[in-house]
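A.B. asks: Give me a model of this one.
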Amino acid sequence: MMPAMLDNVRSILWLGAHADDIEIGCGATVLQIARQRPDIQVHWAVFSGDGRRRTEAENSAAAFLAGYADRAVEIHAFRDGFFPDDWAAIKQEFERLKQRVSPDLVFTHYRHDLHQDHRIMSELTWNTFRDHLILEYEIPKYDGDLGRPNVFWPVDEACCAGKTDLLQQHFPSQADKAWFDAELFRALMRIRGMECAAPGRYAEAFHARKMQLSAAAGTL
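C.D. replies: Just a heads-up that it's a prediction; the model follows:
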């Protein structure tokens with residue numbers, strides 16, 4: 001399996017519906033990219049984070065993005081669970097975001113995620129960033145909607161452990177939930193690592209609906 005290169009990526013946009021979504025879906029990838037390309041400009045946007053959850057989101061983003069020299073974080077306060085009702089307002093926020101950033105690579109939610117907020121985020125990502133490479137991350141939950149991803153990002157043991165440690169450290173509000181534990185997050189990364197024969201045994205997986213290929217060396 002030949003790896004794609006980050007050579008031509010200058011900026012990345014990470015999008016999450018809730019305070020811990022990006023970290024659960026691709027936190028190890030965030031840490032892995034920082035090791036390879038700390039010069040990449042990163043923008044991190046969470047759409048539902050208020051009160052205690054806002055503080056958790058801000059602290060977590062600072063920790064996960066510490067390895068990047070140029071980073072920006074924004075946390076919005078749309079109602080958790082009500083994104084379909086707030087569609088117009090969220091759409092307006094996406095339009096404002098498009099005026100501020102023009103990323104080479106976008107990470108967002110999986111289009112077939114059964115959480116309504118996640119689906120709205122995926123829909124508006126594709127509606128807004130039409131000429132960008134978009135990777136949709138997965139979030140394990142009781143719905144059983146993980147699907148069959150077709151893009152894999154190998155991560156090493158340090159980034160795998162870093163992801164689980166930072167999640168537990170920065171989201172104490174989620175600690176009493178049965179699905180929020182290091183064993184589950186690590187297990188999924190191990191499965192995805194097996195599926196792509198990752199050299200470090202672990203990987204995070206994504207769905208790519210469209211991808212433009214080039215024969216030029218070092219391009220995505």
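A.B. asks: Beyond the top helix by length along the chain, next helix or strand please.
C.D. replies: Counting by DSSP state H, the longest helix found in the chain is helix 21-36. Moving toward the C-terminus from helix 21-36, the next helix or strand (DSSP states H and E) is strand 41-48.
A.B. asks: who's in contact with that following strand?
C.D. replies: Here strand 41-48 makes contact (Cβ atoms under 8 Å, 6 or more residues apart in numbering) with 10-19, 21-22, 57, 61, 65, 68, 70-80, 83, 90, 93, 97, 100-101, 103, 117, 121. Quick note: C-beta positions are derived from backbone N, CA and C, even for glycine.
A.B. asks: Now the buried members of those.
C.D. replies: Burial by neighbour count, 16 or more other Cβ atoms under 10 Å: within the contacts of strand 41-48 this picks out 11-19, 21-22, 57, 61, 65, 68, 71, 73-76, 78, 83, 90, 93, 97, 101, 103, 117, 121.
A.B. asks: Among those residues, which ones are in strands?
C.D. replies: The strands, defined by DSSP state E, take in 11-18, 71, 73-75 from the buried ones among the contacts of strand 41-48.
A.B. asks: Report all helices and strands that the longest helix of the chain contacts.
C.D. replies: Judged by 3 or more Cβ pairs under 8 Å, 6 or more residues apart in numbering; DSSP states H and E, the packing partners of helix 21-36 are strand 11-18, strand 41-48, helix 52-64, strand 105-109, strand 133-137, strand 151-155, helix 157-170, strand 202-207.
A.B. asks: any idea of the angle the second one forms with helix 52-64?
C.D. replies: Interaxial angle of strand 41-48 relative to helix 52-64 (axes from the mean of the first three to the mean of the last three Cα atoms, to 10 degrees): 160 degrees.
A.B. asks: Show me how far strand 41-48 is from its chain's centre.
C.D. replies: 9 Å (Cα atoms, centre = their mean, to the nearest Å).
A.B. asks: For stretch 37-52, output the C-alpha coordinates as CSV.
C.D. replies: Taking Å, rounded to 0.1, in the frame of the first residue of the first chain, the C-alpha atoms of stretch 37-52 are listed here in CSV:
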residue,chain,number,x,y,z
ARG,A,37,4.7,18.7,9.4
PRO,A,38,4.6,21.2,12.3
ASP,A,39,4.7,24.0,9.7
ILE,A,40,1.2,23.3,8.4
GLN,A,41,-1.4,26.0,9.3
VAL,A,42,-4.3,24.4,11.2
HIS,A,43,-7.8,25.6,11.9
TRP,A,44,-9.9,23.8,14.5
ALA,A,45,-13.7,24.5,14.7
VAL,A,46,-16.1,22.9,17.2
PHE,A,47,-19.8,23.8,16.8
SER,A,48,-21.3,22.7,20.1
GLY,A,49,-19.4,23.7,23.2
ASP,A,50,-20.9,25.7,26.0
GLY,A,51,-20.1,26.2,29.7
ARG,A,52,-18.0,23.3,31.1
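A.B. asks: pLDDT at Ala215, what is it?
C.D. replies: pLDDT, Ala215: 67.
A.B. asks: Noted, bye for now.
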